[in-house]
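Participant: Predicted model, plus sequence, below.
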Amino acid sequence: MNDTITQLHFWARSTVAAISLSALTVLSPNLYAEELELEKDELTFGFIKLTDMAPLAVAYEQGFFEDEGLFVTLEAQANWKVLLDGVIDGALDGAHMLAGQPLGATIGYGTKAHIVTAFSMDLNGNGITVSNDIWKQMKPNIPLKDGKPVHPISASALKPVVDKYRSEGKPFNMGMVFPVSTHNYELRYWLAAGGIDPGYYGPGASGTVGQISADTLLSVTPPPQMPATLEAGTIYGYCVGEPWNQQAVFKGIGVPVITDYEIWKNNPEKVFGVSNSWSQKYPNTHIAVVKALIRAAQWLDENDNVNREEAVKILSQPNYVGADPDVIANSMTGTFEYEKGDVREVPDFNVFYRYYATYPFYSDAIWYLSQMRRWGQIGEDKPDSWYHDMAKKVYKPDIYMQAAQLLIAEKKVKKEDFPFGSDGYKPPQKEFIDNITFNGKKPNDYLAQFPIGLKAGETVTPSGITKK
Amino acid sequence: MNKFIHILQISGLTWFVPLVRLVSGEDPKTQAKELWMVMGIPIIAFVVFLGLWGQLSSKVVTSLGTIPGPTQVYEQAKGLWADHQFQREKEAKFYQRQELRNEKLEAAGKPEKVKWRTYTGAPTYIDQIWTSIQTVFMGFLIATLVAVPLGIFSGLSSTFNAAMNPIIQLFKPVSPLAWLPIVTMIVSATYVTSDNSWFSKSFLNSAITVTLCSLWPTLINTALGVSSIDRDLMNVGKVLQLGWFTKITKLVLPSSLPLIFTGLRLSLGVGWMVLIAAEMLAQNPGLGKFVWDEFQNGSSNSLGRIMVAVLTIGIIGFLLDRIMFTLQNLFTYSEKR
């Protein structure tokens, strides 16, 4: 038996392609994956109260972690900064993270630390909500069909409102959850696609808030506080994950105008991040965690979301998301309620498994990096090769594939659910709200296409954009 | 019977004294009047309070529904208890699975892999209460250990007192929310946790924040108590040429104990208030975290649950005060005895 353990141990550490799978099938599958020689089996993972933390809660509640011999404690964190610090200083072994966080930390934007991810947690799942008052002002600019607004709604409908505020000298405040959050980039993308300049990040203290030459002032608010902040009138709109858009509808304080699915179809959202040193110190543990998470993701999407009702029950427990089940169910079961009563089908609102949702594609990382450059978080021009290097430094599909191979061998997942043979780059994607095509292999070409955003040779100074 | 009354008086449960006297056959009229004062009126006042609460709360509509009244809060309390029991069942199942697992490992000839782990589930409301109580006592204990000796020195030496005074004046008014970031940074930098550490970092953070905010009343009162010892008593000490240690234990401490205890009572009260704020801000386990989590959850049950927590915090604060009161009565020679 010991021989097989060492064999497997060796196998797990080496690359996928090099070792044949046949050796695995001989192993007895019933003794859990403890054959994986876990370096550490008591783990603490952090998360933020959002429905897309579901794979973690499901892996715990359905016993997938225990199947791998992992004893996991899940802890809600106060905000994204606290969560990131926890992973860096080791208080947390890993966490549900914004896809931009491992990248931002690794390139040294905000906090400098090498964070990696081997598991992408979901696709889509966010929305942009504006207050009732702003919605009333936007509505005349939106075409109607059968008495209902035509979706997707462009930010050009918001532009006259923003212009009016600006001409009256009033700041137009909006909220997002973190400087390197998906939500920041989605909100900026939507605003810019509608002709509103969301402002730039730059050097100096004033540059860190990202409001240089901005039409709208975007600031950070932790997800669960969004509805309360909107209600208080501090912000006029926000971009956040579920259930905090639907919560605004239930509370009658705001109207979601667009989902991120309509801004970029099937966009990558959260990742499971660990520190690079942790990953190197506990390689087998890392694989075991990814195995459990893949199974959780599969469970969440199984048979056309058949388990989603049960997932809603799990998520509504106060120690996870804790919002009312009907609020969570709204988006988790494939519908989305825009203006009160305007419920529409969005079957892919939350995707956890299909479309290779869990595979960490390099091209996903590059999209985030491109947006960091677009808005000045990356101050200088970088060659395409820099983008590829950074993506490879942070995204670890090899670890993911090792986990997938083990699960296939254990007959827990199907082989066709994984993108074998992929070089880590999705084919060019064009389903964006502004119809601009994203080719992950050519980030600089991509950046050159945006009417609003930094171009090659441009840098941000406290007074605005300058060309070299 | 008198002894029983004495115990009630020491522990501060004076409401029951007339009841006991009545049972023991003392003049019913005076006792009934007394009973009306100490029990009747408070109970009526409380019922009126509940009535007003129930009436008024339904008129305040928040985005989470109306403010919960006493009945809804009671329902939530029951819900929290049910949740506690449900978690305990889950815990039992967890241990069962673990046992099974370990048996399997034994059978597979890998006894070195057998491990016993503690339950990994979320803490329940009852667990959070318990954590908070432990934390406040830890903080209070450190505060006492720091404040009492410092207070004695300040009381004995006017030079030392003059030296301490500006520091006390400066730090006494500082809010726990200002201390917390500093404490968190220092604890993270200096305290390294391992798997078998005694305390977790979050526990120390909360406890030390409690210490920093709650040591001042004890310090000031101890100094005051010590400096106001009868001069004659101190002179007698000098005449008898008592050693330093004997002087402290036989003369200084006994005569300043009433004030020291007053300080301790105040300190514990302050500490309890501070703790909830610290837990809320730092997300450290305990009742404060419970309140914050519920606020963030924003479910229709949240307000009711937060009210349960508010009442629990009040009741525990009250009980802590009673405990200190009882200790004070037991250890000091006040005029009551």
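Facilitator: Received the coordinates, thanks.

Participant: And what about the closest residue to chain B within the stretch 251-400 of chain A, helix, strand or coil?
Facilitator: At 2.9 Å from chain B, A:Gly322 is the closest residue in the stretch 251-400 of chain A, using CB to the nearest CB. In this view, the C-beta of every residue, glycine as well, is placed from N, C-alpha and C. Classification of A:Gly322 by DSSP: H, G, I helix; E, B strand; the rest coil places it in coil.

Participant: What are the neighbouring residues in contact with the closest residue to it other than its chain neighbours?
Facilitator: Of all residues not flanking A:Gly322 in the chain, B:Asn297 sits nearest, at 2.9 Å (CB to CB, 6 or more residues apart in numbering or on different chains). B:Asn297 sits next to A:Lys49, A:Pro224, A:Pro318, A:Val321, A:Gly322, A:Ala323 when contact means CB atoms under 8 Å, 6 or more residues apart in numbering or on different chains.

Participant: and the residue of the stretch 251-400 of chain A closest to chain B, what does it touch?
Facilitator: A:Lys49, A:Ser316, B:Asp293, B:Glu294, B:Gln296, B:Asn297, B:Gly298, B:Ser299, B:Ser302.

Participant: Now that we have these, which of them are buried?
Facilitator: Buried subset of the contacts of A:Gly322 (neighbour count, 16 or more other CB atoms under 10 Å in any protein chain shown): A:Lys49, A:Ser316, B:Asp293, B:Glu294, B:Gln296, B:Asn297, B:Gly298, B:Ser299, B:Ser302.

Participant: where does the first one land in three-state SS?
Facilitator: Yep, that's A:Lys49 we're talking about. Under three-state DSSP, A:Lys49 comes out as coil.

Participant: how near is it to B:Met37?
Facilitator: Noted for A:Lys49: a distance of 50 Å to B:Met37, by CB to CB, to the nearest Å.

Participant: got it, and the fourth one?
Facilitator: The spacing between B:Glu294 and B:Met37, counted by CB to CB, is 39 Å.

Participant: and the closest residue to chain A within chain B, what pLDDT?
Facilitator: Proximity of chain B to chain A (CB to the nearest CB) peaks at B:Asn297, 2.9 Å away. Note on B:Asn297: pLDDT of 82.

Participant: One more: the one 5 residues further on?
Facilitator: What the model reports for B:Ser302 is a pLDDT of 86.

Participant: Let me know whether my guess that A:Pro256 is in a strand holds.
Facilitator: Yes: applying three-state DSSP, one finds A:Pro256 inside a strand.

Participant: correct me, but it touches A:Ala248?
Facilitator: Yes: the pair A:Pro256 / A:Ala248 is scored as a contact, 7.0 Å apart, by CB atoms under 8 Å.

Participant: Pull out the buried positions in stretch B:95-108.
Facilitator: Going by neighbour count (16+ other CB under 10 Å), the buried part of stretch B:95-108 is B:Gln98, B:Arg101, B:Asn102, B:Lys104, B:Leu105.

Participant: again, but for stretch B:309-316
Facilitator: Under 16+ other CB under 10 Å, the buried positions of stretch B:309-316 are B:Ala309, B:Thr312, B:Ile313, B:Ile316.

Participant: and the gap between B:Leu180 and B:Gly139?
Facilitator: Where B:Gly139 is concerned, B:Leu180 sits at a distance of 12 Å (CB to CB).

Participant: quick one: stretch B:203-218 near chain A?
Facilitator: No: shown here: stretch B:203-218 not in contact with chain A (CB under 8 Å from any CB of the partner chain), separated by at least 11.3 Å.

Participant: Figure out how far that stretch is from the centre of its chain.
Facilitator: Averaging C-alpha positions (CA atoms, centre = their mean, to the nearest Å) puts stretch B:203-218 12 Å from its chain's average.
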